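Engineer: need coordinates for the below:
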Amino acid sequence: MTGKKTDFSGDPISRRRFLGTAGVSAAVFTVVPRHVLGGPGRQAPSDTLNVAGIGIGGMGFNDIRTVAGLGENIVALCDVDQRHAAKAFNEFPKARKWQDYRKMLEEQKDIDAVTIATPDHLHAPITMAAIKAGKHVYCQKPLTHTVYEARQIARAAKEAGVVTQMGNQGQAGEGPRLLTEFIWDGAIGNVREVHGWSNRYPRISPRGQARPQDTPPIPDGLDWNLWLGPAPERPYHLAYLPFVWRGWWDFGTGVLGDIGCHNFSAIFKALKLKYPKTVQASGTFLQDPPEIRNESAPIASVVHYEFEADDNHPAVTLTWYDGGMLPNRPPQLEQGRRLGGGDGMLYIGDKGAILDNRLIPEARMKEYGKPPQKLPRSPGHYKEWIIAAKGGPKAGSDFSFAGPLTEVVLLGNIAIRTGEKLEWDPIQMKITNVPDANKFLHYEYRNGWSL
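Structural biologist: This is a model prediction of the structure:
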């Protein structure tokens with residue numbers, strides 16, 4: 001055989017390009033056994049992913065350290081805030097350092113996969129760029145900033161055939177599987193009500209605030225224009241970063257966006273929930289003036305979703321609470337036992353109730369024991385993604401699942417922002433009874449930004 005095999009673009013097909021598109025047809029991708037190339041107890045080069053981290057100062061640092069600890073190769077690090085990223089730079093001195101992910105994806109050709117842990121408003125543009133570049137993608141939750149983005153990202157990932165995972169790590173744990181097995185075993189009968197809550201203190205997730213008016217200087221090492229990305233233009237302020245961006249509508253998705261993809265994941269799988277018929281909300285936003293309500297998420301909110309009956313479940317309501325709000329105590333809960341705390345879930349059925357992943361009261365849990373095992377256990381959240389990228393089964397929160405879940409979570413934020421009961425048509429992808437609410441399904445990106 002003479003010459004180099006090329007793809008339709010005329011570029012030589014390297015191992016890296018082949019691995020980057022391995023998800024298109026897992027059947028044609030075979031990992032060379034490590035004992036052939038790597039020696040006993042060592043990972044062979046063909047077993048190893050070259051991973052780039054995008055957004056590496058906070059949760060992204062944990063992502064790349066975990067991936068590296070599983071034997072993968074960190075070859076690139078990218079962050080718009082070079083000072084905030086210094087810890088990761090020091091941890092992985094051999095990785096190439098970047099500030100603009102677009103240049104990194106264009107110029108560094110040895111990347112197989114990326115992890116993304118930026119503020120929410122940058123998730124979709126970066127994820128889409130990585131998908132178009134043929135990279136496997138691990139993106140933190142929520143998958144996107146808007147409902148429209150979630151639909152587009154899920155579709156693009158499917159068409160590209162890349163391997164994906166959203167960062168709701170708990171989905172890989174034992175608890176969600178036990179919950180599903182309890183429900184499938186009929187331990188509480190038909191599930192009628194689901195309640196989820198999270199109490200993110202203001203110091204963790206500041207919200208209920210107006211836009212700051214002062215304009216401090218941009219710190220050295222921060223590219224503010226890149227940090228803004230597609231979001232509307234505004235001056236730099238330390239009220240937005242690092243980490244404190246989540247409560248601002250232009251950058252984050254509030255407490256519901258922060259935790260909803262964690263809390264709702266298990267019940268969406270157990271009941272095979274799809275899209276709600278209606279969504280409505282109440283909370284402190286009803287008394288906030290426009291300069292607060294239009295800028296940031298409320299201090300506290302309650303969101304009600306109604307799901308119609310289908311072949312998988314009868315009609316069920318799902319209610320979200322944050323800011324210290326909680327559901328009514330179920331009669332099964334023992335006197336003196338606390339319902340609240342940080343994050344929690346309550347499932348109420350015809351024949352009983354489950355708090356988080358245990359039947360209540362505790363006497364009922366001891367009497368019932370473990371339900372029959374019907375689900376395989378996960379090798380670990382990050383490991384799922386890595387295995388899938390090497391030709392294994394798809395990850396538990398790949399974008400075919402994470403995209404619709406994110407849509408539902410973000411519909412709750414639209415109910416919060418409008419204060420209306422919304423009727424959702426997932427086929428037409430529009431709110432049918434409050435036309436003006438559709439403006440929150442997406443927004444116009446700044447010039448130079450697109451999906």
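
Engineer: alpha carbons only: can I get the host helix or strand of Gly196 in PDB?
Structural biologist: Using DSSP states H and E, Gly196 sits within strand 191-198. Extracted in PDB, the C-alpha atoms of strand 191-198 (Å, rounded to 0.1, in the frame of the first residue of the first chain):
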ATOM      1  CA  VAL A 191     -45.300   7.400  42.400                       C
ATOM      2  CA  ARG A 192     -47.600  10.400  42.500                       C
ATOM      3  CA  GLU A 193     -45.500  13.200  44.000                       C
ATOM      4  CA  VAL A 194     -41.800  14.000  43.800                       C
ATOM      5  CA  HIS A 195     -40.300  16.800  45.900                       C
ATOM      6  CA  GLY A 196     -36.700  18.100  45.600                       C
ATOM      7  CA  TRP A 197     -34.900  20.800  47.500                       C
ATOM      8  CA  SER A 198     -31.600  22.600  47.900                       C
END
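
Engineer: what does the helix or strand following that strand contact?
Structural biologist: Next along the chain after strand 191-198, taking DSSP H and E as the criterion, comes helix 224-228. Outside helix 224-228, the residues within contact range by CB atoms under 8 Å, 6 or more residues apart in numbering are 80-81, 99-100, 119, 218, 234, 236, 241, 446. From N, CA and C alone the C-beta is placed, and that goes for glycine too.

Engineer: buried residues of helix 224-228, list them for me.
Structural biologist: By 16 or more other CB atoms under 10 Å, the buried positions in helix 224-228 come out as 224, 226-228.

Engineer: next one: that helix to chain centre, how far?
Structural biologist: Taking CA atoms, centre = their mean, to the nearest Å, one finds the center of helix 224-228 at 22 Å from the center of the full chain.

Engineer: average pLDDT for it?
Structural biologist: What helix 224-228 shows for mean pLDDT is 98.

Engineer: likewise stretch 89-103?
Structural biologist: On average, stretch 89-103 scores 98.

Engineer: what about Lys383, how many residues close to it?
Structural biologist: Neighbour count of Lys383, defined by other CB atoms under 10 Å: 17.

Engineer: what's the helix or strand for it?
Structural biologist: helix 381-389.

Engineer: how far off centre is that helix?
Structural biologist: 15 Å.

Engineer: same for it, what does it pack against?
Structural biologist: For helix 381-389, the packing partners by 3 or more CB pairs under 8 Å, 6 or more residues apart in numbering; DSSP states H and E come out as helix 59-69, strand 136-140, strand 164-167.

Engineer: adding mean neighbour count and distance to His381, write these out as TSV.
Structural biologist: Converted to TSV, the helices and strands packed on helix 381-389 look like this (neighbours: other CB atoms under 10 Å; distance: least, CB to CB, whole Å):
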stretch	mean neighbour count	distance to His381
helix 59-69	19	9
strand 136-140	29	9
strand 164-167	30	7
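
Engineer: what count of nearby residues applies to Gly170?
Structural biologist: Counted with other CB under 10 Å, Gly170 comes out at 16.

Engineer: could you measure from it over to Gly323?
Structural biologist: Noted for Gly170: a distance of 21 Å to Gly323, by CB to CB, to the nearest Å.

Engineer: low-scoring stretches of the chain, by residue?
Structural biologist: In the predicted model, the chain carries pLDDT under 70 at residues 1-46, 202-203.

Engineer: check contacts around the residue nearest in space to the middle of it.
Structural biologist: The centre of the chain sits closest to Lys141, judged by CA atoms, centre = their mean, with a distance of 1.9 Å. Listed by CB under 8 Å, 6+ apart, the contact set of Lys141 reads 166-168, 258, 261-262, 402, 406.

Engineer: which element is the nearest residue to it once chain neighbours are set aside on?
Structural biologist: In space, Lys141 comes closest to Cys261 once its chain neighbours are excluded; the distance is 4.0 Å by CB to CB, 6 or more residues apart in numbering. Per DSSP H and E, Cys261 falls inside helix 254-263.

Engineer: report the distance from that helix to the chain centre.
Structural biologist: Distance of helix 254-263 from the chain centroid (CA atoms, centre = their mean) equals 9 Å.

Engineer: quick check: next helix or strand after that helix?
Structural biologist: helix 265-270.

Engineer: that next one - contacts with which helices or strands?
Structural biologist: Using 3+ CB pairs under 8 Å, 6+ apart: helix 265-270 touches helix 174-184, strand 191-198, strand 343-349, helix 399-418.

Engineer: in JSON lines: these, plus distance to Gly392.
Structural biologist: Conversion of these to JSON lines gives the following (distance: least, CB to CB, whole Å):
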{"stretch": "helix 174-184", "distance to Gly392": "18"}
{"stretch": "strand 191-198", "distance to Gly392": "31"}
{"stretch": "strand 343-349", "distance to Gly392": "29"}
{"stretch": "helix 399-418", "distance to Gly392": "16"}
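
Engineer: nearest to Phe268, of the ones you listed?
Structural biologist: helix 399-418 (5.6 Å; CB to CB).

Engineer: may I see the buried residues of the closest one?
Structural biologist: For helix 399-418, using 16+ other CB under 10 Å, the buried residues are 399, 401-418.

Engineer: cool, stretch 109-119 as well?
Structural biologist: For stretch 109-119, by 16+ other CB under 10 Å, it's 111-119.

Engineer: now, the most widely separated pair of the contacts of Lys141?
Structural biologist: So for the contacts of Lys141, where distance means CB to CB, the most widely separated pair is Asp258 and Ala402, at 14.9 Å.

Engineer: nearest spatial neighbour of Asn312, skipping sequence neighbours?
Structural biologist: Nearest non-adjacent residue to Asn312, counting by CB to CB, 6+ apart: Lys272, 4.2 Å away.

Engineer: SS state for that neighbour?
Structural biologist: coil (DSSP: H, G, I helix; E, B strand; the rest coil).

Engineer: that one contacts Val316, correct?
Structural biologist: No. Look at Lys272 against Val316 with CB atoms under 8 Å: they stay out of range, at 11.3 Å.

Engineer: okay, now the domains of the chain?
Structural biologist: Domain assignment of the chain by automatic domain parsing yields the ranges 15-171, 173-209+243-376+399-441.

Engineer: ok, Asn438 - how many residues close by?
Structural biologist: Counted with other CB under 10 Å, Asn438 comes out at 16.

Engineer: equivalent analysis for His304, please.
Structural biologist: Neighbours of His304 (other CB under 10 Å): 17.
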